[in-house]
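Visitor: using only what follows, build the 3D model:
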Amino acid sequence: MCISDVNLIKLCLPERKSKLFILHLSMNNRNRGKNTSDDSLFGSQKQIDLLRMAVEDMHYLLSREYPEKASSELAGNRYRLKTRQIQAIRGASASQQQMLNRKSKQVTAEDLKGKTIHIDGFNVLIVLESLLSGAYIFEGLDGCFRDLSGVHGTYKRVNQTPPALQLVATFFQQCGIGKLCWIFDRPVSNSGRICQLISEFAKERELQWETSLEFNPDQFLAEHGEIIISSDAWILDHCKRWFNLIRYMVDKENLNAHIIQFSLA
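Guide: Have a look, this model is predicted:
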């Protein structure tokens with residue numbers, strides 16, 4: 001969804017609450033949008049068709065217990081895919097066993113009322129920021145949405161961070177969630193700053209949110225969260241129960257994003 005920064009802020013933030021976050025954005029005019037090559041890699045039907053065939057091939061191989069790296073290399077070589085295209089099909093693919101396991105643990109929005117929910121902080125924020133900035137988003141075979149951005153050792157707040165937080169706040173209130181626990185990677189640079197930003201955001205809006213820094217957030221979420229929000233494949237495979245937040249937002253908020261869908265024929 002390509003909207004000017006000012007309009008995006010006005011769309012997602014109440015007028016009386018937005019002063020602090022507009023100040024942040026004035027000091028940080030960054031976006032989490034497309035790479036310069038992404039339109040040529042993902043923007044045509046020809047490329048999308050190749051990617052869909054590659055995902056089907058990866059699904060076949062993964063379901064027969066081929067390693068993920070070898071499967072993606074085989075599919076990538078067969079269809080002559082570029083590095084970012086291979087990254088996309090790896091995120092979108094899953095074995096039949098993984099798909100069934102993840103589906104069996106997925107909960108609905110009605111299941112969240114009054115519950116304490118743990119959220120994979122960087123995972124969710126970055127996907128939302130990418131979606132709002134008009135980057136390509138990929139709906140995998142498991143129904144989860146993933147992007148091609150990453151933390152790479154440091155997190156940098158972008159123009160879409162405040163609107164992303166407001167979308168989560170709207171979801172939190174709509175579903176009547178008891179408490180939302182944001183879990184972030186302690187080793188990632190600026191993780192403390194984003195925790196502080198979220199704490200200030202929640203305090204101003206009287207939201208029952210808390211933040212936590214963990215050295216191994218994936219394991220923490222899998223072991224401690226009764227219901228978690230993430231699109232990380234390892235977490236989904238090992239968690240107790242999970243909710244597909246981005247799917248909910250795409251449907252509920254009618255977000256006009258650059259979404260490429262993958263499904264089995």
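Visitor: show me what the helix or strand containing R84 is packed up against.
Guide: According to DSSP states H and E, R84 maps onto helix 83-92. Secondary-structure packing of helix 83-92 (3 or more C-beta pairs under 8 Å, 6 or more residues apart in numbering; DSSP states H and E): helix 38-42, helix 45-63, helix 68-79, strand 136-139. From N, CA and C alone the C-beta is placed, and that goes for glycine too.
Visitor: closest to F262 out of these?
Guide: Checking the helices and strands packed on helix 83-92 against F262 by C-beta to C-beta gives helix 45-63 as the closest, at 4.7 Å.
Visitor: give me the distance from the closest one to the chain's centre.
Guide: 21 Å (C-alpha atoms, centre = their mean, to the nearest Å).
Visitor: also stretch 53-64?
Guide: Offset of stretch 53-64 from its chain centre (C-alpha atoms, centre = their mean): 23 Å.
Visitor: show me which residues of that stretch are buried.
Guide: By 16 or more other C-beta atoms under 10 Å, the buried positions in stretch 53-64 come out as 54-63.
Visitor: swap in stretch 190-202?
Guide: Judged by neighbour count (16+ other C-beta under 10 Å), stretch 190-202 contains these buried residues: 191, 194-195, 197-198, 201-202.
Visitor: where does the nearest residue to E214 once chain neighbours are set aside land in three-state SS?
Guide: Of all residues not flanking E214 in the chain, F220 sits nearest, at 4.5 Å (C-beta to C-beta, 6 or more residues apart in numbering). Of the three states, F220 takes helix under DSSP: H, G, I helix; E, B strand; the rest coil.
Visitor: now do the buried residues in stretch 66-76.
Guide: 71-72, 75-76.
Visitor: please apply the same query to stretch 89-101.
Guide: So for stretch 89-101, counting by 16+ other C-beta under 10 Å, buried means 89-95, 98-99.
Visitor: can you list contacts of that stretch?
Guide: Contacts with stretch 89-101, where a contact means C-beta atoms under 8 Å, 6 or more residues apart in numbering, come from 51, 54-55, 58-59, 62-63, 65, 68, 71-72, 75-76, 81, 102, 138-142, 146, 148, 233, 236-237, 262.
Visitor: figure out the length between the terminal residues of that stretch.
Guide: Stretch 89-101 has an end-to-end distance of 20 Å (C-alpha to C-alpha, to the nearest Å).
Visitor: correct me, but I119 touches I227?
Guide: No: with contacts counted by C-beta atoms under 8 Å, I119 stays clear of I227, the gap being 9.8 Å.
Visitor: who's more crowded, the two?
Guide: Between I119 and I227, counted using other C-beta atoms under 10 Å, I119 has the larger neighbour count: 24 against 19.
Visitor: ok but the more buried one is inside a strand, no?
Guide: Yes: under three-state DSSP, I119 falls within a strand.
Visitor: how much space between the residue nearest the centre of the chain and C144?
Guide: The centroid of the chain falls nearest to V127 when counting by C-alpha atoms, centre = their mean (3.3 Å). To C144, V127 is 9 Å away according to C-beta to C-beta, to the nearest Å.
Visitor: any chance you could map the strands in the stretch 151-265 of the chain?
Guide: Using DSSP state E, counting those that start in this stretch, the strands of the stretch 151-265 of the chain run over 179-185, 209-214, 228-229, 242-243, 258-261.
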